[in-house]
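Chemist: What follows is a predicted protein model with its sequence.
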Amino acid sequence: MSSKYFENKRVAVVGNAQSLFNTQYGTEIDDHEIVIRINTPAIFYDDLVSRHSHGTRIHVWAFWDHFRFKTSDDQFRPQRLKDFFHKETYNLLDLNMTNRNEEFKWNNEFVSYNGQISKKCILKETGNPSAGLIILSILNQLNPKKVNVYGFDFKRTPTFYNPNHHVDENRFDSFCRHNYQFEEQYTKQKIFTQDKFELKEI
């Protein structure tokens, strides 16, 4: 990934908190030069429901593990998501953290950040970060003009495509055990104190 892709651009990072559906951020999100969406975006499920809250545009599709997504059982995925996935008309950011010695993948190619950004560095600072925290960490090392963050409520509400998922008082993810209390404190101290980052209330 070239840092110039994000350089001096207005970037929207859109998470998947259920609470984002209660907003009207759609037009505002689509007004950004670059829109990043994570894992299984709501825009592919019901456009009539999500367009007012989530918008419709996507430039970067970030996956926690692209290979696992690609090879997993997709019987419950809507056709619109499958069609877009195979068109590959987006930039792919693979956040696979299995091997900390590998670089991140951008459009299926390993990329070097000249030591500025590495999985080791992010893991050292954040423990077992969620996909959202990894993206914020990467953008923090690049040079976007502005990064507005939507749909992050640090597990106060479930991820929208799994609304029956239990959200416990510590806001841990039961599968990967991300510590969302820590992530909220970390981002509010290290990310959202910077003028170029803004967490939109939901």
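Modeler: Right, received. Where do you want to start?

Chemist: any weak-confidence spans in the protein?
Modeler: Scanning the chain for pLDDT under 70 picks out 1-3, 47-48, 112-116, 162-176.

Chemist: quick one, strands of it?
Modeler: 10-14, 34-38, 60-63, 91-94, 105-106, 109-110, 146-150, 197-199 (DSSP state E).

Chemist: could I get those as JSON lines with distance to residue 121 and mean neighbour count?
Modeler: Any C-beta I mention is one placed from the backbone N, CA and C, and that applies to glycine too. Putting the strands of the chain into JSON lines (distance: least, CB to CB, whole Å; neighbours: other CB atoms under 10 Å) gives the following:
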{"stretch": "strand 10-14", "distance to residue 121": "19", "mean neighbour count": "24"}
{"stretch": "strand 34-38", "distance to residue 121": "20", "mean neighbour count": "24"}
{"stretch": "strand 60-63", "distance to residue 121": "18", "mean neighbour count": "21"}
{"stretch": "strand 91-94", "distance to residue 121": "17", "mean neighbour count": "19"}
{"stretch": "strand 105-106", "distance to residue 121": "17", "mean neighbour count": "17"}
{"stretch": "strand 109-110", "distance to residue 121": "16", "mean neighbour count": "10"}
{"stretch": "strand 146-150", "distance to residue 121": "19", "mean neighbour count": "22"}
{"stretch": "strand 197-199", "distance to residue 121": "18", "mean neighbour count": "18"}
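
Chemist: Can you convert the ones you listed into JSON lines and add a column each for distance to residue 119?
Modeler: Listed next are these as JSON lines, based on distance: least, CB to CB, whole Å:
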{"stretch": "strand 10-14", "distance to residue 119": "19"}
{"stretch": "strand 34-38", "distance to residue 119": "17"}
{"stretch": "strand 60-63", "distance to residue 119": "14"}
{"stretch": "strand 91-94", "distance to residue 119": "11"}
{"stretch": "strand 105-106", "distance to residue 119": "11"}
{"stretch": "strand 109-110", "distance to residue 119": "11"}
{"stretch": "strand 146-150", "distance to residue 119": "20"}
{"stretch": "strand 197-199", "distance to residue 119": "21"}
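
Chemist: Out of those strands, which gets nearest to residue 25?
Modeler: Among those, the nearest to residue 25 by CB to CB is strand 146-150 (5.4 Å).

Chemist: Just the angle for the closest one relative to strand 10-14, thanks.
Modeler: Per axes from the mean of the first three to the mean of the last three CA atoms, to 10 degrees, the angle that strand 146-150 makes with strand 10-14 is 20 degrees.

Chemist: All the helices of this structure, residue numbers only.
Modeler: Assigned by DSSP state H, the helices in the chain fall at 26-30, 47-54, 66-71, 79-87, 119-126, 131-141, 180-190.
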